[in-house]
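> quick one: sequence and predicted model below, then my questions.
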Amino acid sequence: MASLKDLPARMTAVEAQIVQLRDEMRGGFSAMLSRFEAQDAKIERLFGDIGDISRQMRVLHEDTIERIARLDEGRR
């Protein structure tokens with residue numbers, strides 16, 4: 001019977017531990033989400049830069065093809 005008398009105090013201790021764990025997990029998940037969002041922003045900037053570089057390369061390629069064609073026409 002003595003263990004039943006201790007039950008309310010033990011339950012209160014378990015409840016406090018659960019609340020503490022919940023708070024720690026919430027903080028951990030929040031920090032992890034912030035890191036993911038920061039990485040996501042970096043990835044978006046990287047793909048934006050790649051798109052810009054790709055467009056510049058396309059323009060340079062087309063310009064080179066046009067110059068070669070003009071040089072070829074000049075030889076005829």
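Nice, I can see it.

> any chance you could map the helices in the chain?
With DSSP state H applied, the chain shows helices at 2-75, listed in chain order.

> any stretches of it with poor pLDDT?
Residue ranges of the chain with pLDDT under 70: 1-2, 76.

> if we use 50, what do you get?
Within the chain, no range satisfies pLDDT under 50.

> center of it - which residue?
In the chain, the centroid-proximal residue (CA atoms, centre = their mean) is Asp40; its distance is 2.7 Å.

> give me the distance between that one and Arg67.
Look at Asp40 and Arg67: by CB to CB, to the nearest Å, they are 41 Å apart. Yep, even glycine has a C-beta here, placed from its N, CA and C like the rest.

> swap in Arg75?
13 Å.

> and these two? which has more neighbours close in?
Neighbour count, other CB atoms under 10 Å: between Arg75 and Arg67, Arg67 has more, with 10 against 5.

> what distance do you get for the more buried one to Gly74?
With CB to CB as the criterion, Arg67 and Gly74 are 11 Å apart.

> cool, and Ile50?
From Ile50 to Gly74 the distance is 36 Å (CB to CB).

> who has more neighbours, those two?
Neighbours were counted for Ile50 and for Gly74 using other CB under 10 Å; Ile50 has more, 10 against 7.
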